Structure formats: C-alpha cells, structure tokens
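Chemist: Test case, fold it:
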Amino acid sequence: MEILLLIIGLVVGGALGALTAWFVGARRADAGAGAPGEDPALVAARHERELLEVRAEAQAALARARADEQRVQGELRAELSAVEATAVGLREQVLAAQQQYRELVERQRADQAAREQRELAESKVLQALAPVKQTISDMQAKVTQLEQQRHLQHGELSQQLKIAAENEERLRSTAETLASALRSNSTRGVWGETQLRSVVEAAGLIERVDFDTQRSITTDSGAGRPDMVIHLPGGKHIAVDAKVPFNAYLEASQIPPTATGTEGAQRESLMKGHVRAVRDHITALGSKTYWEGLGASPEMVIAFIPSESLISSALEADPALLEFAFSKRVALASPVTLWSVLKTVAFSWQQDVLTNEAKTLFDLSRELYSRLSTTAGQLEKLGRTIERTVKDYNAFVGSLESRVLPTARKLSALDETKVFATLEGIDESPRELTAYEFTTAIAAESTDRAELESVVDAEIDAADVAEPADDEVSLDSDPALELDVLPGTEHLVADIDPDIRRSADA
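Modeler: The predicted structure is shown next:
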C-alpha cells in the first residue's frame, strides 16, 4: 500500500516539475523576445513578477495537485479499503470455500465410505436374503396362482351359488308339497312308520328277528296294534308307536318366532294347539296299555315322533309335557333318542349272543377235557399193549432163534436154497405220556399195570425154562408161542408171522 502511494506521489511531482519547467521556459522565451532597449530592471521586475505569478500558479497548481493527490489518495484509500474489505471478504470466502471444499471432500469421502459400507452391507444382506427373496418370489408365484384359482373358484362359486339357489327353490317347492301332503292323516301315518323303520334299521335291528311290525295285541283295554314291537334279550318286548302331530305346528312355523302383536298371539295359540295335540296322543297311547298284552315288557310304551323340532317346540311351549307323558307311562322319543335306545338294544342282543356262545364254548371245553381224560386212559392201555407185544415179540424171536432155527437149519442141509435171515429184537419202548391230564389217568391204573407186567414176566420165564422133548419142535405146542393176545391187537400179532395168526385167532 505504501509503495503504491509513493509511486503515485512521484508521478504527480514529476508532472508538476515538468509543467513548471515548461512554463518558465515559455516565459523566458517571451522575455527574450521583448522589445530591444527595454530597461533590464523592468524586465527583471517583470520577470520577478512573472516568476511570482508562476510560482503562485505553481503553488496553486501544487496545492490543487496536492488536493487532488489527497483526494485521489482518499479515493484510493477508500477504494483500497474497499478492495481490502473485498479482499478480506474474498479471503474469507476463499477460506470458507476451502473449508467447504475440505468439508465437501471429507463428506464425499465419508459418503463414499458410507456408500461402500452400505453397498457391502447391502451385498451381505442380499446374500443373506437370497433365500427370502426366493421364498418371496415363490410366494408371489403362489399368490398369483392362488389369485388365478380364486378367480376360477369365484366363477365356480357363482355357478354353485346359482345351482344352490335353484336347488333351494326346488327344495322349497318340495317342502311345500311335502307340507301339503303331511296335512293328510294317512300320509302322516305312513311317513311316521317309514321314519320309524329307517331309525330301527339304522340301529342294526332286523325285522322278524329283532322286531315285528303291526303285531296284534289283546289287553284288558281291548285289541291293539302298535306300529312296532321291539324284542329284548331274555324274551322281553317293548311297544313303539309312531305319532305325527303336525297341523298346528306347520301353521305356527309359518309365523316368525320374533313376531309380536296379533301374529305373536296367533303363533302362541297355534303352539298351544300343537302341545294339546301331543298331549292327546300321549293320553290315547297310554290308555292302550300295550305292555299288558306283551307279557314280559316294561310298563311303558314309546311314542316315536319323527322330527326333533316337533318335540322340542312342544317342550318349549309346555315344559311339564315330559312329566305328563311319564305319568301316562309313555316315553317321548325323537329319531336321535330312539336310535340310541335301539342301539343299546342291539348291543344287548350282541352281548346275549356272546354270552350264549361263551356258555356253549365252556360246556364244549369241559366235555372235551373230560373226553381227553378218558382218551388218556385208553391211550395208556394201548401203550401197555404195545409194550407187552414188544416183549412177546422179543420172546418169540428168542425162542425162534434158540429152538426153531437150529432144527430148521438141519433142513437147509437138504435144501440149500432155503436160507433164513437173522431176526433182531425190538429195543424201542413206547413213549411215556407226560401231560397232566394223561398222568392223572395213568396213576389210577398203575396197580393193574404192575400186576399185568408180573404175569407177563412169569409167562416169559416159563417159556424160557421149558425144553422140547426132542429135536422136532412144534410151533403150536411151544408155550413161548402161545401169546396172550389182548383184544384189538390181533393184527399186530398176525403181522409178525403167518404161523402165529392161528394162536391169535384162538
């Protein structure tokens, strides 16, 4: 700043000096060119005066120049101050811009790092969510499929609703037709009997086996014919009669239950009429006393009403209806309650059959056990017979080899074609019985067996001791060959040798 002011002062001073020198030179030129012969003093005075004027002018010019200089300096200072202020502002702006740049760079770096971190995190998240993405894709496909199915089902549902509306209309028409038909007493009776048969057959009972229909019964009150007689185990029976009190209920059902005023009073009156009809049926059925004509029967009769609503509406209108029915020995039964009762009857029949079969099986088992005991005794006798036969056979073989064959071999000398094979004894013994049933029967005959064995042993010993009178031995006279044959074992002895058959037959 100071250098700038110095330069400006030098420029202004040089300009003023040049202007003064030019003015002095011009004056001197004018003075030199003055009139000849003019007084030098005048000339000098004039020159002095002119010099003073010039000096005054120069000073005035210098003063003006200084004023201009000061003004210029002031303006320059003002401008310089403005420039300095501008420079300071610019410097501050530059510093602020640098700070902003640094902040921007740092922010960009931070954003870049955050972006990279976010991208890395997003990459990890995407990798982790890949199954979820697949699941969502599958779910989206499934939702699309379900939406398509929903549209399809919506169309089908609309069609089904249309069909349901048509069916409902047909059902309403059928119901109206049925209601019109049920207004007839005969039609109601047939319908009630049909429903009764359906319930009975659904419970598993068989006609003419477990129940009879339209069976005539004679009691003190007169002859009667209940719709059905159910047979109970033990030769017992119970009568069932179907009743359909329908007219008053049908008219009452056409009035909404929430009706008030005249309609409400009319509905209440009709329901009372329905209860009255049910009571009349109960009274009439109880007066027939079917149980008296059935013999072994509970003192009651079942009044089957083939509609749950008929009974429930009557009980709702008259809660004392059940007590009234019980007092008349009548049991009100709807399809559900009658089915449960008949199912119990069917189960009782099954248990009764099982009981009879179990008793028969027990009797057969006891008889079989008794016969097995008898068979054990017979089997033991057969074993002893076989054992004695074996002993007799062994004795026969011994006698044959010791007495008969030596004589027969003498014949072989005459005819060498006759060769007798060596006979071997039977060493096997009959297998003993170890079962409890057999050993019990065997123990009862142990004494007889011991005595029999002693007799057999004595006969064998006697046969071994006896000697023939000469070399000619007769088979018929040999005591060892006279076997004690038991009844039923002749074929065993006969199969041993044809020559023994004669002794066995004797």
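Chemist: For residue 36, give me the pLDDT.
Modeler: Note for residue 36: predicted pLDDT of 54.
Chemist: Wait, a helix at residue 231?
Modeler: No. The assignment for residue 231, made by DSSP: H, G, I helix; E, B strand; the rest coil, is strand rather than a helix.
Chemist: list the buried ones in stretch 43-53?
Modeler: Neighbour counts using 16 or more other C-beta atoms under 10 Å place 46, 47, 50, 51 of stretch 43-53 among the buried residues. Every residue, glycine included, has its C-beta placed from N, CA and C.
Chemist: For the stretch 151-300 of the chain, which segments are assigned as helices?
Modeler: Taking DSSP state H, counting those that start in this stretch, the helices of the stretch 151-300 of the chain run over residues 185-202, 247-253, 261-287, 290-293.
Chemist: Point out the most buried one among those helices.
Modeler: Most buried of the helices of the stretch 151-300 of the chain by mean neighbour count (mean count of other C-beta atoms under 10 Å) is helix 290-293; its value is a mean of 21.
Chemist: next SSE after it?
Modeler: strand 301-304 (DSSP states H and E).
Chemist: picking that back up, what about the helices of the stretch 151-300 of the chain, which gets the closest to residue 90?
Modeler: Within the helices of the stretch 151-300 of the chain, the stretch nearest residue 90 is helix 261-287; the backing value is 99.6 Å (C-beta to C-beta).
Chemist: name the helices or strands packed onto that closest one?
Modeler: On a contact count with 3 or more C-beta pairs under 8 Å, 6 or more residues apart in numbering; DSSP states H and E, helix 261-287 meets helix 247-253, strand 301-304, helix 308-317, helix 321-327, strand 330-333.
Chemist: weakest of these by average pLDDT?
Modeler: Among these, helix 247-253 carries the lowest mean pLDDT, at a mean of 77.
Chemist: Would you mind putting the CA coordinates of that helix into PDB?
Modeler: Extracted in PDB, the C-alpha atoms of helix 247-253 (Å, rounded to 0.1, in the frame of the first residue of the first chain):
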ATOM      1  CA  ASN A 247    -101.100 -79.400  11.500                       C
ATOM      2  CA  ALA A 248    -100.800 -76.800  14.300                       C
ATOM      3  CA  TYR A 249     -97.000 -76.900  14.200                       C
ATOM      4  CA  LEU A 250     -97.000 -76.300  10.500                       C
ATOM      5  CA  GLU A 251     -99.200 -73.300  10.700                       C
ATOM      6  CA  ALA A 252     -97.200 -71.900  13.700                       C
ATOM      7  CA  SER A 253     -93.800 -72.400  11.900                       C
END
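Chemist: what helices or strands is it leaning on?
Modeler: Against helix 247-253 (3+ C-beta pairs under 8 Å, 6+ apart) you get helix 261-287, helix 308-317.
Chemist: which of the helices and strands packed on helix 261-287 sits most buried?
Modeler: Among these, strand 301-304 has the highest mean neighbour count (mean count of other C-beta under 10 Å), at a mean of 24.
Chemist: Tally up the residues packed near residue 257, please.
Modeler: Residue 257 has 11 neighbouring residues, counting by other C-beta atoms under 10 Å.
Chemist: Looks like it contacts residue 268 (just checking).
Modeler: No. Using C-beta atoms under 8 Å, residue 257 is not in contact with residue 268, being 10.4 Å away.
Chemist: returning to what we had before: same list, the helices and strands packed on helix 261-287, but as a markdown table with distance to residue 205 please.
Modeler: A markdown table is the format used below for those (distance: least, C-beta to C-beta, whole Å):
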| stretch | distance to residue 205 |
| --- | --- |
| helix 247-253 | 29 |
| strand 301-304 | 14 |
| helix 308-317 | 21 |
| helix 321-327 | 24 |
| strand 330-333 | 15 |
